[in-house]
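> could you look at this predicted model? Sequence included:
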Amino acid sequence: MFELIYPAAPAVILPLPSIDNPGDSPRKAGEMVPVVHLHIVNREGCLYIQKRSMRKDLLPDCWDTAVGGHVDYGESLEEALYREASEELGFKEFNPIYLKSYVWESLREKELVNVFAAVGNFTLHPDHDEVEEGRYWNMSEIESGLGRGLFTPNFEQEFRSIKNTLLALL
């Protein structure tokens with residue numbers, strides 16, 4: 001006979017989006033969609049963040065994660081990460097480092113956020129249809145701006161939870 005061995009914790013199940021273009025269509029209340037975030041840190045310990053376009057419906061003109069977007073149906077997390085990085089920043093040559101996943105819920109949306117980082121001195125080219133502007137901020141600049149309406153609420157919460165991990169990657 002054989003012995004059944006059960007894992008200490010259940011496997012993580014990542015849901016697929018239920019529509020082809022999640023950013024373009026409304027979702028059912030409470031429906032969770034997977035998204036990717038990429039934090040870009042240079043060798044001096046500064047974090048690149050983008051200012052959301054004024055054309056965005058949600059939180060326009062707020063500073064946010066360097067790259068973020070929905071995972072399209074049938075797309076892997078890595079494929080979505082590279083697609084979004086290319087669309088938003090013309091950024092294609094990097095090695096993503098997985099940091100964590102968590103659920104973000106606001107009055108408007110519920111997301112399974114998959115967080116990655118890239119470390120290096122990269123030249124980035126923001127697409128001004130997607131991004132108003134972008135620049136590297138030192139950590140103390142970000143810290144002093146928290147809670148003042150400069151950043152999206154999701155960025156603030158995420159930054160607090162990964163700051164030390166980002167610095168440890170240097």
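Great, that's in hand.
> give me the number of residues near residue 31?
14 (other CB atoms under 10 Å). Quick note: C-beta positions are derived from backbone N, CA and C, even for glycine.
> in the chain, which residue is most central in space?
Centroid-nearest residue in the chain, with CA atoms, centre = their mean: residue 37, separated by 1.4 Å.
> below-threshold pLDDT in this structure: ranges please.
1-29 (pLDDT under 70).
> again, only this time at 80
Judged by pLDDT under 80, the chain has its weakly predicted residues at 1-30.
> just the strands in it please.
32-41, 47-52, 63-65, 67-70, 97-105, 110-119, 131-137 (DSSP state E).
> report the contact partners of the residue nearest to residue 85 when sequence neighbours are not counted.
The spatial neighbour of residue 85 that comes closest, neighbours along the chain excluded (CB to CB, 6 or more residues apart in numbering), is residue 91 at 4.2 Å. Residues counted as contacts of residue 91 (CB atoms under 8 Å, 6 or more residues apart in numbering) are 40, 67, 85, 122, 124, 125.
> and the residues you listed, which are buried?
Among the contacts of residue 91, those classed as buried by 16 or more other CB atoms under 10 Å are 40, 67, 85, 122, 124.
> where do the helices sit along the protein?
For the chain, the helices defined by DSSP state H occupy 77-89, 139-145, 153-168.
> most tightly packed of these?
Of all those, helix 77-89 carries the top mean neighbour count, a mean of 19, counting by mean count of other CB atoms under 10 Å.
> that one packs against which elements?
Counting contacts by 3 or more CB pairs under 8 Å, 6 or more residues apart in numbering; DSSP states H and E, helix 77-89 is packed against strand 32-41, strand 67-70, strand 131-137.
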